[in-house]
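1. I would like to see how this sequence folds:
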Amino acid sequence: MTGWLIAFILAMAVGLALWRFGHMPRITREPVLAALLLGLGGYALQGSPGLIGKPAKPRATQPRVDEATIAKRQELGNRFGSDVAWLIASEGMMRAGLTEAGVGYVKRGLRDYPDSPDLWTGLGNALVVHAGGQASPASVYAYHRAMAIAPAAPAAPFFLGLSLAQSGRLEEARETWAGMLARAPADAPWREDIALRLRAVDMMLKAR
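-> Take a look at the predicted model:
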């Protein structure tokens, strides 16, 4: 009953204020009154004044891409280009927790640049984030597409190994990173990073 009373008082207050201070000509009074009545009618149809009020439950935390992942992608892949622009837009969405939109941006980019290893790697990353940090068949496929297009590029095998390790698939992660290290040029700046990750995986495998 309180809800109805509040709605009625508000409608009357708005009507009175418009009549007293709005200087409405007579011809406009009936449409305004009709609009107020329609509002009350809508409340009658859709409102729930009898329900007990209670605080809304907070939404569960949405998965987000972390800045370290974005920095690593920039380090290992291209930072500029029309195809990379779609990646930057995707990462912006994922920063906000809009992971489905992030995946959509990369897929849209792939329509224009189907042979971009950066976009295929970005799709794998977006799918992993959308899945809460877990590797999925779709993300693994995306990484392998990137590796097939650019076998010497380090980004796709790095992130593939990372997603596998995060998913507890340590043997597969080790195989991926070991192959990456074996193919790496002697002066590759990321060799030491991969070697350290391999040692960490080996320690975890021994601890099982």
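
2. please name the nearest non-neighbouring residue to E172.
-> Counting by Cβ to Cβ, 6 or more residues apart in numbering, L164 is the residue found nearest to E172 once chain neighbours are left out, at 4.6 Å. All C-beta atoms are positioned from the backbone trio N, CA, C, and that covers glycine.

3. would you mind measuring from that neighbour to A126?
-> 17 Å (Cβ to Cβ, to the nearest Å).

4. next one: E175
-> For E175 relative to A126 (Cβ to Cβ), the value is 24 Å.

5. more crowded one of these two?
-> Per other Cβ atoms under 10 Å, whichever of E175 and A126 has more neighbours is A126, with 28 against 14.

6. OK, contacts around the more buried one?
-> By Cβ atoms under 8 Å, 6 or more residues apart in numbering, A126 lies in contact with 65, 90, 94, 99, 102-103, 106.

7. and for A85?
-> A85 sits in contact with G109, where contact means Cβ under 8 Å, 6+ apart.

8. one step back: ok, and what's touching the helix or strand encompassing the residue nearest to E172?
-> For L164, the enclosing helix or strand under DSSP states H and E is helix 155-166. Helix 155-166 has contacts (Cβ under 8 Å, 6+ apart) with 69, 72-73, 76-77, 117-118, 120-121, 124-125, 128, 133-135, 139-140, 143-144, 146-147, 150, 170, 172-174, 176-177, 179-180, 190, 194, 197, 201.

9. now with 6 Å, please.
-> With contacts defined as Cβ atoms under 6 Å, 6 or more residues apart in numbering, helix 155-166 is touched by 76-77, 121, 125, 128, 133, 135, 143, 146-147, 172-173, 176-177, 180.
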